[in-house]
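In: Build me a model from this:
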Amino acid sequence: MSLKVDIQAMQQQMLPSIPKEALATMQQATQDLIDSHIAEQAKHIDQRAPNFTLSNTKNEHFTLSKQLKHGSVVLNFYRGRWCPYCQLELHALHKIMPSIHELGAQLVSICPNTHEQSSQFMQENPFDFDILIDQDNHVAKQFNLVFKLGDDLQAIYQQFGIDLPDYDGNDRYELPIPATYIINPQGIITHSFINPDYTQRMEPEAILQALQS
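Out: Next up, the predicted model:
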């Protein structure tokens, strides 16, 4: 079963419980983000990936340029542990980790949640890849993926019990749009999936096919 099918099944359960006004506001915000052309401004294929160093939940440092010496790297940017779409995506990525390793690559996920939030998430979900703590979205901004939630969306998130300042350790209300990059050992982006619609994610099978090519 594909990630898209899993997402559609989850939506069939979730959407009926969301008030119509809130759903309309969320859908309009997504369309506004698409219309802003943020995806076109993000880092893309054939560009050099910005080098960075981030810590994982074990306080170990991950430096992109050092890891690329061992093979290609798959970078996955997700919004936060509170996002059910991100949770589905990460569990789908976990399932293909053996295949990613067989292809000589590794995967890391990057998130603006605090170290405490990400560590708790990893305890609940022992993934076979690292979650890197991108406090204040410093690395996501280097990839031009960051946007700010409008006041209307901030109110809806609070209504849903999503306290972004608690999750992210700041009151900026900034999120990265979900994105997946494949970076070759030379530091060049060879494949990318960038979509302002947070319900759309790169299929795990497509990641494997990209690594094989």
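In: can you give me the helices in this structure?
Out: 3-14, 20-35, 38-41, 64-67, 84-95, 97-102, 115-124, 138-142, 151-159, 164-168, 204-212 (DSSP state H).
In: For the residue sitting nearest the centre point of the chain, which non-adjacent residue is spatially closest?
Out: The chain has Tyr78 as the residue nearest its centroid, 1.8 Å off, counting by Cα atoms, centre = their mean. When the adjacent residues along the chain are set aside, Tyr78 lies closest to Cys86, with 4.0 Å between them (Cβ to Cβ, 6 or more residues apart in numbering). C-beta: built from backbone N, CA, C; applies to glycine.
In: Leu107 too?
Out: Counting by Cβ to Cβ, 6+ apart, Leu107 lies nearest to Val74, which is 4.1 Å off, once chain neighbours are set aside.
In: Return the residues in contact with that neighbour.
Out: When the contact criterion is Cβ atoms under 8 Å, 6 or more residues apart in numbering, the partners of Val74 are 100, 105-108, 180-183, 207, 211.
In: and it, bridged to which residues?
Out: Bridge pairing for Val74 (DSSP bridges) gives the partners Leu107, Ile182.
In: Who are the contact partners of Glu89?
Out: In this structure, Glu89 makes contact with 3, 76, 78, 178, 201, judged by Cβ under 8 Å, 6+ apart.
In: from those, which ones fall inside strands?
Out: Asn76 (DSSP state E).
In: could the contacts of Glu89 go into JSON lines alongside distance to Gly187 and pLDDT?
Out: Shown next, in JSON lines, are the contacts of Glu89 (distance: Cβ to Cβ, whole Å; pLDDT from 0 to 100):
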{"residue": "Leu3", "distance to Gly187": "27", "pLDDT": "95"}
{"residue": "Asn76", "distance to Gly187": "17", "pLDDT": "98"}
{"residue": "Tyr78", "distance to Gly187": "22", "pLDDT": "98"}
{"residue": "Pro178", "distance to Gly187": "22", "pLDDT": "97"}
{"residue": "Arg201", "distance to Gly187": "24", "pLDDT": "97"}
